[in-house]
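Trainee: okay, here's the prediction I keep looking at, along with the sequence it came from:
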Amino acid sequence: MNSAPDSEKVLDIRNLQVSFRSIAGATRAVNGVSLDVRSGEIVGLVGESGCGKSVTIRSIVGLVPSPPALFEDGEIWLRTRRGMTETLSLHKNTKALRQIRGRDVSMIFQEPMRSVHPMMTIGKQITEGILEHEVVDPAEAYDRTVEMLDLVGLPNPAAQMNRYAHELSGGMRQRALIALALVCHPQLLLADEPTTALDVTIQAQILELIRDLRDRMRMSVLLITHNMGVVANLADRISVMYLGRIMETGTVEEIFKEPAHPYTHGLLASMPSLFSQPKTRLQSLRGVVPELAMVPKGCVFADRCPHVMPKCDETPPVIELRSDHSAACWLYADVGEPRGAPAVADQPSLPGDRPPLDSPPRVETIPLAGSEPAADTARAAPAGSEVAQLQIESVALHYPILRGLLRRQVGTVRAVDGVDLTIRRGETLGLVGESGCGKTSVGRLVARLVEPTAGHIRFGAGGGLEEITHISQKEMKRVRRSMGMVFQDPLSSLNARMNIRNIVGEPLMLHQLAKGRAVDDRVGELLEMVGLRAAHQSRFPHAFSGGQRQRIAIARALATEPSFLVADEPVSALDVSVQAQILNLLLTLQQQLNLSMLFIAHDIAVVRHVSDRIAVMYLGKIVELGEARAICVRPVHPYTEALLASIPLPMPGLETLREMPKGDLPDPANPPAGCRFHTRCPYSQPVCEREEPPLRPLAGDADHFGACHFQDELQLQGVEEIGELGASQ
Amino acid sequence: MKTYILQRFIQMIIVMVVVMLVSFIIVELPPGDFLTTLREQLTEQNVDPKVIDSTVEMYRARYGLGENWFIRFGKWAWSLMKGDMGYSMQHNRPASELMGERLSLTIWISIATLIFMFVVAVPIGMLSAIKQYSAWDHSFTFLALLGVSVPSFITALVFLLLSVTLLGATTVAGLFSPEYVTAEWSWAKFVDMLKHVWIILFIVGLGDTAGTIRVMRARMLDTLGEPYIDTARMKGLSGAKVYFRHALRVAINPIISSIGLRFPQIISGSTIVAIVLTLPLIGPLLLDALLGEDVYLACSILVVLTLALVIGNFLADLALAWLDPRIRFEN
């Protein structure tokens, strides 16, 4: 085990074990991880948060502070300019480690917004790296930096040299950081969730850039992500990690077409993809990732596994299913068969193509196509669906930009700029768009948390619609009884000093619906309704996990039995498996209580999954509105097409050939003239720069609206076509 | 950047005018005429009536007494700007004469205290953060908490006590040895002052230094947890470069911006110490003037102290803008 690995490998991690010491004792974050990356390969390391992915790749370059970390066992071999080097032993030798960092191996991080030094120019930060490793004169370093900035696709690279972080958008910062990482031509790039903090269209651009640079610079990439879609389109091989262990390793095709480990199955099934049946339950993994101190003995996945058996009390061996596919699961350890024997025949696979007869039992997943009976009942129009619950008309929200000593108004941010929407009773309307498009502002306007600059908001609390645009806060209190709101961050939207009974019971007491013991009873009911235990009323928010906190927030929103719910990015802060649980809960509650819902999210796949109709928003305006599936199958606005194309599909080998939108979202204070999307639109015509297209029904389809000059001529690609394409391949 | 400086400069002038106006109103508040008081005082002292008349007339003309209020304000402000601080009724001397040396000594000691604070607190705070929970960190955390919580006059008294009982000193207080107190400024007097001044810096600056150590440590810890520090480390930079070039310039921001505020704090904070140690600083004079209702003297000192505060703030703002591009950008 102590010999250097063969030269094909750029990185070879063998049996890595890392513990963290704390007052409570030592917990093992990485527990025997073995992983390798070969020349020119992109390897994805996938798993939910808290599974030790970051610790693993930070250990490669000594970025895990020790203490508290304790490297108990293992080797990390890295190909450097001096040959294969074992880097774990270098952790005390900072000088040798420094020579490797940035030169042989580089890293990009999750939060580009915070990973660029705020007080140093971009140019200086990058040249600093060159000058650290190479003897070159500053002029040469400068030229190389400009060249590198050009290579990562920053416009006008020479001008970028003197700019500071705050002058760059998130996508541009990540490009600059990639330039910084690659300027000394390392052989390996470590990417720790490089696109998680970015918008979907920008994420697609950055993934494309990483793929492109891998070829051009002949390097390898180790990519951490929680998003199966990201690795499907980018990685050659995938390792799935759970609680400090590698559960499954294989080529991208095998992992997606024939996933072996139940955890991999669960991850794939949890994601609402653009092919899943809308408004059906997602087959989510049960439970949540446990605390490291509570890791089960034996197989760490046992307590969440649908196929758990007595043998799972013992640690499962890593079983070679094929030459390049292995899984750590007892399902494949057939007694009598030698380890490493092909177990293909017994392999469970995604249902739809070949359900295996006996063991191992298959994991329930959503069929790719076809319909379930449940789906039809769900999609049947609820009673009174033609009655409007909420109607907003030419609503606008403008913020003045004030500058100078006298706070003169120098401009206006048009966060929402004339939006018309109607939500029918019992209907879910999905509002989708990138950050900064004004979707959250619409939600806040509807709940009257901000004052509209113009327009009308009408809401039907009990009987007919009633104008609530400018009614007093006192009258609004009465209306709010029929309105619930769920926010994005479940931690900061619950008061940490209040216990659950008071958090959930507060609306009851405010509206004088219950008093004393009656509050306790009702809170208990509400908690049970969202899948929590009624006995947990006296606990405080910190005692709950992220998903449980979001359940508490939902219970609070539903306390007054509202008929209408605003859900603002309710799942984007959650892990995939928990996201699926919360989406299932929202769907169930919506059907049980006949709720109308405004569901706001940036992920069109999530929105499609829960919505009856979808409104796509761009720079303060609705650009497309229609029935959820119709929008995804046949979008009429190029922006909708772009959003659909930007969602990384969990379907390897399926690259979208369509043109991605160029550049960043324009400044909402200074939107482009004419059609607001024309600066990024691949189909832009001269007329788009002059005239702003109004939102109007499609020819021959009165329920589908678009705001494109060419909506009746353009043939845009939706998603089901891709799905069929993928199936036929 | 130019507009930023200009903007800050104009703000500074506005603050000064407002403070002067308030001071002027205070000067005008006591009933009766300042000249009547002056005439009475001089008569009591058996001054020649002719001299009294000419003195009174001189002040009447200079301060425009008897004319309307804004002319009076204008004349008062103008004479302040020329360095004429008015007349101290308590001491029977022009205020500027009384303030003269004390003012410059106070300013120098304050600046020296600031430098002391900076030189001591920034490196200690930084190292405490880098070596968090080490013996170094724990001992300075303890000392800093002690420094913050013990009032400076106690430190001064302890110091007095110790030097008398342990070292057998006879002249512990004061800024100078007895032979130099009334002497003209000379090299020997300056050297003598240096011998005394460090202990004053220590006593006056201890509280602020201790506080700054805590702020510096906390800010440095925050900064070291920022992702851009990981970016810097991943370039292969040495620890020193990461700490000084990348972390320090971000961490030090709030300390620089607080300099302007610290200036008057040091002056007022040193008052009690100055009384205990009989130092010829401006604080005791202000206290005296306030107790003796010596309005001209008190207001002049207030105006001068405000000027120090405003200039200190202005300089701190300039330093911040020079350091931090985001501040330049916002304006």
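Mentor: Yep, that arrived.
Trainee: so what's the residue count around residue 257?
Mentor: You didn't say which chain, so I picked chain A. By the criterion of other C-beta atoms under 10 Å in any protein chain shown, A:Lys257 has 15 neighbours. Every C-beta, even on glycine, is put in place using the N, C-alpha and C of the backbone.
Trainee: um, chain B though
Mentor: Residues lying near B:Ser257 (other C-beta under 10 Å) number 17.
Trainee: which ones are touching it?
Mentor: With contact taken as C-beta atoms under 8 Å, 6 or more residues apart in numbering or on different chains, B:Ser257 is in contact with B:316-317, B:320.
Trainee: which parts of chain B sit against chain A?
Mentor: By the rule C-beta under 8 Å from any C-beta of the partner chain, the part of chain B lying against chain A is B:7, B:10-11, B:226-228, B:230-239, B:245-246, B:249-250, B:323-326, B:329.
Trainee: just the buried members of those?
Mentor: Among the residues of chain B next to chain A, those classed as buried by 16 or more other C-beta atoms under 10 Å in any protein chain shown are B:226-228, B:230-237, B:245-246, B:249-250, B:323-326.
Trainee: out of these, name the ones that lie in helices.
Mentor: Judged by DSSP state H, the subset of those located in helices is B:227-228, B:230-234, B:249-250, B:323, B:325-326.
Trainee: tell me the one of the residues you listed nearest A:Leu131?
Mentor: Nearest to A:Leu131 out of these is B:Ala232 (C-beta to C-beta; 13.3 Å).
Trainee: find the nearest non-adjacent residue to the closest one, please.
Mentor: If the residues on either side of it in the chain are set aside, B:Ala232 comes closest to B:His246, at 4.4 Å by C-beta to C-beta, 6 or more residues apart in numbering or on different chains.
Trainee: what of A:Ala630?
Mentor: Nearest residue to A:Ala630, sequence neighbours excluded (C-beta to C-beta, 6+ apart): A:His704, at 5.7 Å.
Trainee: the one you found belongs to a helix, doesn't it?
Mentor: No: going by DSSP: H, G, I helix; E, B strand; the rest coil, the assignment for A:His704 is strand, not a helix.
Trainee: what about it, how many residues close to it?
Mentor: Neighbours of A:His704 (other C-beta under 10 Å): 20.
Trainee: kindly report the same for A:Ile401.
Mentor: 11.
Trainee: for A:Val719, same thing?
Mentor: As a burial measure, A:Val719 scores 25 neighbours (other C-beta under 10 Å).
Trainee: now the closest residue to it other than its chain neighbours: phi and psi?
Mentor: Closest residue to A:Val719 apart from its sequence neighbours, by C-beta to C-beta, 6+ apart: A:Leu274 at 4.2 Å. Here is the backbone geometry of A:Leu274 (degrees, to the nearest 10): phi -80, psi 0.
Trainee: report pLDDT for A:Leu274.
Mentor: Each residue has a pLDDT score; the one for A:Leu274 is 76.
Trainee: so it makes contact with A:Ala645?
Mentor: No: taking C-beta atoms under 8 Å as the definition, A:Leu274 is not a contact partner of A:Ala645, at 10.3 Å.
Trainee: which residues are in contact with each of the two?
Mentor: Counting by C-beta under 8 Å, 6+ apart, A:Leu274 and A:Ala645 have no shared contacts at all.
Trainee: A:His637: what's it in contact with?
Mentor: With contacts defined as C-beta under 8 Å, 6+ apart, A:His637 is in contact with A:616, A:623-624, A:677, A:706-708, A:711, A:716.
Trainee: ranking by neighbours, what's the top pick from the residues you listed?
Mentor: Greatest neighbour count in the contacts of A:His637, by other C-beta under 10 Å, goes to A:Gly706: 30 neighbours.
Trainee: who's in contact with the residue nearest to that residue when sequence neighbours are not counted?
Mentor: Nearest in space to A:Gly706, with sequence neighbours left out and distances taken as C-beta to C-beta, 6+ apart, is A:Val636 at 3.9 Å. Neighbouring residues of A:Val636 by C-beta under 8 Å, 6+ apart: A:624, A:698, A:704, A:706, A:708, A:711-712, A:714, A:716.
Trainee: again, only using 7 Å
Mentor: Neighbouring residues of A:Val636 by C-beta atoms under 7 Å, 6 or more residues apart in numbering or on different chains: A:624, A:698, A:704, A:706, A:708, A:711, A:716.
Trainee: look up the pLDDT of the first one for me, please.
Mentor: Just to be clear, that refers to A:Glu624. Listed pLDDT for A:Glu624 reads 94.
Trainee: work out for me the element B:Leu305 sits within.
Mentor: helix B:295-323 (DSSP states H and E).
Trainee: hang on, A:Gln391 packs against A:Arg424?
Mentor: No: applying C-beta atoms under 7 Å, one finds A:Gln391 not in contact with A:Arg424, separated by 9.8 Å.
Trainee: now the element after the helix or strand hosting B:Thr37, going C-ward?
Mentor: According to DSSP H and E, B:Thr37 maps onto helix B:34-44. The C-terminal neighbour of helix B:34-44 among helices and strands, as given by DSSP H and E, is helix B:49-63.
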